[in-house]
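Asker: No sequence on hand, only this structure:
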């Protein structure tokens with residue numbers, strides 16, 4: 001009971017906003033028009049826990065959310081806006097939220113290619129089945145230890161510190177929850193690639209590649225950005241962008 005109380009207090013402390021330097025990189029209209037079901041939204045984040053995640057991963061991105069669209073059946077908020085994103089929130093667990101929640105945030109859109117309608121349904125069913133599961137507080141306790149300005153952690157070990165979680169399947173962090181969904185589809189993010197002899201008698205130097213899935217607990221938000229299998233979508237460029245139409249102040 002004491003541990004649950006302490007976890008709630010720690011989650012509230014780490015969820016406090018501490019910076020206001022987020023830079024919106026597209027208009028709201030461009031963002032709405034560019035998104036497709038299956039897209040992963042990476043968010044810079046401006047809370048205490050965001051600082052720890054960005055430090056450990058050496059990345060701009062501290063949070064990830066899965067866009068499923070208005071037809072996913074995730075419900076609506078009070079003003080009638082559809083819930084279109086699913087994310088693992090530190091305090092509320094896995095939840096569905098409207099896109100406007102990140103209207104003023106610095107985000108990056110990462111798009112998996114070639115998903116079928118059945119793939120999207122599988123992703124949606126998976127996300128709905130995880131709704132209400134709690135954030136992995138074991139992971140939060142690990143992160144909290146690295147909120148000092150200069151924690152004594154060598155660079156090569158920082159990424160691995162985010163994989164300390166409890167291993168409880170009813171708990172998740174934002175990126176592991178999404179990574180597990182894509183792994184159910186066998187869609188690659190950053191798989192381990194082994195190079196083996198091709199066993200071709202006519203080609204002694206030929207090799208073949210074998211892919212092996214990394215455990216979903218090892219994924220962080222930046223991995224979707226780094227993945228060669230996700231396309232980076234810039235909403236401003238998805239419209240008929242013409243630099244000549246920019247209204248420069250000095251003109």
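Answerer: Structure received. Values in this document were obtained by computation on a predicted structure and should not be read as measured data.

Asker: Low-confidence regions, the chain specifically.
Answerer: Counting by pLDDT under 70, the chain contains low-confidence ranges at 1-15, 18-22, 136-172, 193-196, 198-200, 202, 204-205, 207-213, 215-216.

Asker: any chance you could map the strands in it?
Answerer: Along the chain, the segments classed as strands by DSSP state E run 40-43, 63-67, 85-89, 93-97, 107-112, 134-135, 171-172, 192-197, 207-212, 230-233.

Asker: these two touch, right, residue 37 and residue 121?
Answerer: No: in terms of C-beta atoms under 8 Å, residue 37 does not count as a neighbour of residue 121; the distance is 9.5 Å. The way it works is simple: take the backbone N, C-alpha and C, and place the C-beta from them, glycine included.

Asker: Comparing the two, which residue is more hemmed in?
Answerer: The residue with more neighbours, out of residue 37 and residue 121, is residue 37; 19 against 13, by other C-beta atoms under 10 Å.

Asker: which residue sits closest to the more buried one, ignoring its sequence neighbours?
Answerer: Leaving aside its sequence neighbours, residue 37 sits nearest to residue 69 (C-beta to C-beta, 6 or more residues apart in numbering; 4.2 Å).

Asker: And for residue 98?
Answerer: residue 81 (4.4 Å).

Asker: before we move on, the earlier item: tabulate the strands of the chain (a markdown table), appending distance to residue 224.
Answerer: Formatted as a markdown table, the strands of the chain follow (distance: least, C-beta to C-beta, whole Å):
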| stretch | distance to residue 224 |
| --- | --- |
| strand 40-43 | 5 |
| strand 63-67 | 6 |
| strand 85-89 | 13 |
| strand 93-97 | 17 |
| strand 107-112 | 4 |
| strand 134-135 | 19 |
| strand 171-172 | 15 |
| strand 192-197 | 17 |
| strand 207-212 | 17 |
| strand 230-233 | 5 |
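
Asker: can you tell which of these is closest to residue 31?
Answerer: strand 107-112 (7.7 Å; C-beta to C-beta).

Asker: and the angle from that closest one to strand 63-67?
Answerer: 50 degrees (axes from the mean of the first three to the mean of the last three C-alpha atoms, to 10 degrees).

Asker: Mind listing the strands strand 107-112 pairs with, and their directions?
Answerer: If you go by DSSP bridges, strand 107-112 pairs up with strand 40-43 (antiparallel), strand 230-233 (antiparallel).
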